[in-house]
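# here is a sequence together with a model predicted from it:
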Amino acid sequence: MLAAERYLTLYDRFEGGRALGEPTEATLEELAEALYCTARNAKLVLKRLEEEGLVAWMPGRGRGNRSRIVFHADKEDFLFDLATTKAEQGDYRLSFELLSTYGAGTDAKTRFIDWLNVRFGYQKETVRGRTDCDTLRIPVYRQVQTLDPGSANFAFDGHLMYHIFDRLVTFDESLGRIVPGVAHAWSSDPAGMEWTFYLRKGVHFHDGRELTSEDVVFTFERLRRTGVPNRWMMRSLLRVDALGPRTVRFSLSRPNRIFDRYLCAAAASILPLDLRGVGDAYWRLPVGTGAFRLVTLSPHRIELIANTAYYAGRPFLDCVDIVIMPEDCRELSTTGMPSVMRAPDGEDPAVDGLDPGTDWQALARLCNGCTMLTWNTNKDGWQQNEALRKAVRMMLDPVAMQADLGGERALPAYGIRAEDSLKYIAKSAAEPQIRETLRLAGYDGAALRLVVHEKYELDGRWIADRLERFGVNVELVVADWKQAVDPAVVASGDFTVSGIVLAEDEVCEIDLYEHEACLTSAYLNATLKTWIVERIDRALAAYSPEERRSHMREIENRLREECYIIFLHHRRLSTHMHPSVRGASFSPQGWIDFKQIWLEKVV
């Protein structure tokens, strides 16, 4: 590998646009300088490159005879072959680094992306010595932020947690009810303040150790610790006790009649006792009891292998290979999902005669959640002015946003849930009304700082443009993943754009207001948050879903009417799959569920 990089370094320095095979004058000292080594080491490098047939070195003999070097391998072809070889070995990080470092002036990166696209989808491969493995390889345009359930905040992270870990219970969307998970049975007292769970026998972590009640107690004691972003889930927990090796009891300080629904969430994923005794090193390759075992975790690749001893039935797939694509390759999407899942052997619809619009399977649904604008009421400024917030809401017509930007923006939003948006009677404001509201607000032209994650850049630019039409100055800050989770960057914003996915429906709705790292929660002032938490506690104590929904809708209505939140749109999740791919469906997080996919060979 080092020889290949040195070849590319010398090629860039000395080839100078000459035809391949044409000698180039170069002294040994110049070669050493380019390689940042001594002349002696430069000779050793040249010898190695000659042995590999990459160069010919003709040292000058006698006065006036210059040494010359001949390059035998075309740079673009050599770099492309090198990048594809490393990718085939699973080292996508090195492939992209090579292309970034040496690809200038060539089409190597474009060729590599085209080659990689053919490899995406469902294929049969040899994986870790096993032949004929069913492998799903997909591109993802965002990195994993965390696999720690206590810090879970993003849909993709939660999606991976659902496959690596298990929970005591699970919500089955198709049945519309909670079903057993690691616990085969559970019960609660009439007040909803004491919950008892009975664990299955024979549930094993990926390292072979059997799960017991001690693991469950450790998990939830850890979840309630100060500083854990998802500790809100356990804020009413008095204690959690192991009543035996397979019985766990939760005692609460106040009623929570959907506590079992809480335990379906990714944040409630069961961890091994004391993180296997390795502390923070555990998170380098965390071990769970889920349907897939994590075997590779890097900034450029995630590899999952089927847990063949999974208690709920082995997955049909053998391997899931997730390639984290570089930022300059990302799709203009807020979902981060691949648009097409290809067939075995990388068949392309244009090649095999299949039309993605007709022959391929379309998988689509409306995302359960919404994209919204939230004002930072923990910061002094114009965002504290309710009249200004109302004027901005009038400017940001969700119908116009959907019409202008299109794409995955499927439905104008007026609430968190699409069904509520469909029922909402929206009133568009005329320009004179908007300008009068802005005048009454007393706005003085001060710049408002709009901080958006790069995945919402299009939304952010549209918002800034609309506001500036009415004389509202906007400083748009587009943050990358690292900046988007930096508390200082988040706090600097006057308003932001974010999305919520109701993976666990009302639990995620509560998470929106209570999660310590959630943007909406971070932007709610203490007085407003206290009022919200009081309504949440009333909802949790409610006997019926209708009463509970009424309390939660009261929160949503106030935030909308007082314009603390401006709802923007509901997203469409969609992808196309080759006819041979079966069992595909969306997970609650809005990603493809890996557990049920299987391959039927089309003849």
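Received it, and whenever you're ready, just let me know what you need. Everything numeric here is computed off the predicted structure, so don't read it as measured data.
# residue closest to the middle of the protein?
Taking Cα atoms, centre = their mean, the centroid of the chain lies closest to Phe156, which sits 3.5 Å from it.
# now for the helix or strand where Val478 lies, which elements pack on it?
Here Val478, judged by DSSP states H and E, is contained in strand 474-479. The elements that strand 474-479 packs onto, with contact taken as 3 or more Cβ pairs under 8 Å, 6 or more residues apart in numbering; DSSP states H and E, are strand 448-453, helix 457-469, helix 487-492. Where C-beta positions appear, they are placed from N, C-alpha and C, glycine not excepted.
# most packed of the ones you listed?
Highest mean neighbour count among these (mean count of other Cβ atoms under 10 Å): strand 448-453, with a mean of 22.
# quick check: mean pLDDT of it?
Looking at strand 448-453 alone, the average pLDDT works out to 96.
# angle of that strand against strand 474-479?
With axes from the mean of the first three to the mean of the last three Cα atoms, to 10 degrees defining the directions, strand 448-453 sits at 20 degrees from strand 474-479.
# so what touches strand 448-453?
Contacts to strand 448-453, defined as Cβ atoms under 8 Å, 6 or more residues apart in numbering, come from residues 381-383, 459-460, 463-464, 467, 472-481, 484, 489-490, 492-498.
# helices or strands up against the one helix or strand Arg549 maps to?
Following DSSP H and E, the helix or strand that holds Arg549 is helix 545-561. Using 3+ Cβ pairs under 8 Å, 6+ apart, the elements in contact with helix 545-561 are helix 506-514, helix 526-541, strand 565-577.
# for the stretch 251-400 of the chain, what spans make up the helices?
Taking DSSP state H, counting those that start in this stretch as the criterion, the stretch 251-400 of the chain carries its helices at 259-262, 349-352, 386-395, 398-405.
# and the longest one, which residues are buried?
Across helix 386-395, burial judged by 16 or more other Cβ atoms under 10 Å covers 387-395.
# between the residues you listed, which sits nearest Leu502?
Leu502 lies nearest to Arg393 out of the buried residues of helix 386-395, by Cβ to Cβ, at 22.6 Å.
# relative orientation of the helix holding Arg549 and helix 506-514 in degrees?
40 degrees.
# now do helix 545-561: distance to the chain's middle.
The chain centroid and the centroid of helix 545-561 are separated by 29 Å under Cα atoms, centre = their mean, to the nearest Å.
# for it, output the C-alpha coordinates as CSV.
Taking C-alpha atoms only, helix 545-561 is exported to CSV below (Å, rounded to 0.1, in the frame of the first residue of the first chain):
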residue,chain,number,x,y,z
PRO,A,545,-55.8,6.8,25.2
GLU,A,546,-58.4,9.5,24.3
GLU,A,547,-57.8,11.4,27.6
ARG,A,548,-54.0,11.0,27.3
ARG,A,549,-54.2,12.3,23.7
SER,A,550,-56.2,15.3,24.9
HIS,A,551,-53.5,16.4,27.3
MET,A,552,-50.7,16.0,24.7
ARG,A,553,-52.7,17.9,22.2
GLU,A,554,-53.1,20.8,24.6
ILE,A,555,-49.3,21.1,24.6
GLU,A,556,-49.1,21.0,20.8
ASN,A,557,-51.9,23.5,20.4
ARG,A,558,-50.2,26.1,22.7
LEU,A,559,-46.8,25.7,21.1
ARG,A,560,-48.5,26.2,17.6
GLU,A,561,-50.8,29.1,18.5
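# next, the buried residues of it.
Buried residues in helix 545-561, counted by 16+ other Cβ under 10 Å: 548, 551-553, 555-556, 559-560.
# how about the strands in the stretch 301-450 of the chain?
Under the criterion DSSP state E, counting those that start in this stretch, the stretch 301-450 of the chain contains strands at 301-306, 319-324, 340-341, 361-366, 369-375, 409-412, 448-453.
# one step back: format the helices of the stretch 251-400 of the chain as TSV; extra columns: distance to Ala429 and mean pLDDT.
Shown next, in TSV, are those (distance: least, Cβ to Cβ, whole Å; pLDDT from 0 to 100):
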stretch	distance to Ala429	mean pLDDT
helix 259-262	39	96
helix 349-352	45	39
helix 386-395	4	97
helix 398-405	11	95
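# closest to His72 out of the ones you listed?
helix 349-352 (33.2 Å).
# name the nearest residue to Ala426, sequence neighbours excluded.
In this structure, Ala426 finds its nearest non-sequential neighbour in Tyr414, 5.8 Å apart by Cβ to Cβ, 6 or more residues apart in numbering.
# for the one you found, give me its contacts.
Counted by Cβ under 8 Å, 6+ apart, Tyr414 has contacts 398, 420-421, 424, 426, 560, 567.
# next: Leu304.
163-164, 292-295, 319-320, 322, 594.
# can you rerun that using 10 Å?
136, 160, 163-164, 290-297, 315, 317-322, 594 (Cβ atoms under 10 Å, 6 or more residues apart in numbering).
# please list only the buried members of these.
In the contacts of Leu304, the ones that pass as buried (16+ other Cβ under 10 Å) are 136, 160, 163-164, 290-294, 297, 315, 317-322, 594.
# now Thr226, what are its backbone angles?
Main-chain dihedrals, Thr226, degrees, to the nearest 10: phi -60, psi 140.
# quick one: the closest residue to Pro286 other than its chain neighbours from Met233, how far?
The shortest distance from Pro286 to any non-neighbouring residue, by Cβ to Cβ, 6+ apart, is to Leu147 (5.3 Å). Counting by Cβ to Cβ, to the nearest Å, the gap from Leu147 to Met233 is 18 Å.
# equivalent analysis for Pro545, please.
Counting by Cβ to Cβ, the gap from Pro545 to Met233 is 19 Å.
# quick revisit: got a quick PyMOL command for the buried subset of the contacts of Tyr414?
Applying 16+ other Cβ under 10 Å to those, the buried members can be selected in PyMOL as follows:
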select buried, resi 398+421+560+567
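# what's the farthest-apart pair in the contacts of Tyr414?
Pro398 and Asp420 (13.1 Å).
# shared neighbours of those two, anything?
With Cβ under 10 Å, 6+ apart, Pro398 and Asp420 have common neighbours 370, 413-414, 567.
# how is the chain partitioned into domains?
Following automatic domain parsing, one finds the domains of the chain at 2-73, 81-114, 121-138+290-359+578-599, 166-280, 369-572.
# can I get the ones you listed in a markdown table with distance to Ala152?
Conversion of the domains of the chain to a markdown table gives the following (distance: least, Cβ to Cβ, whole Å):
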| stretch | distance to Ala152 |
| --- | --- |
| domain 2-73 | 39 |
| domain 81-114 | 25 |
| domain 121-138+290-359+578-599 | 10 |
| domain 166-280 | 5 |
| domain 369-572 | 9 |
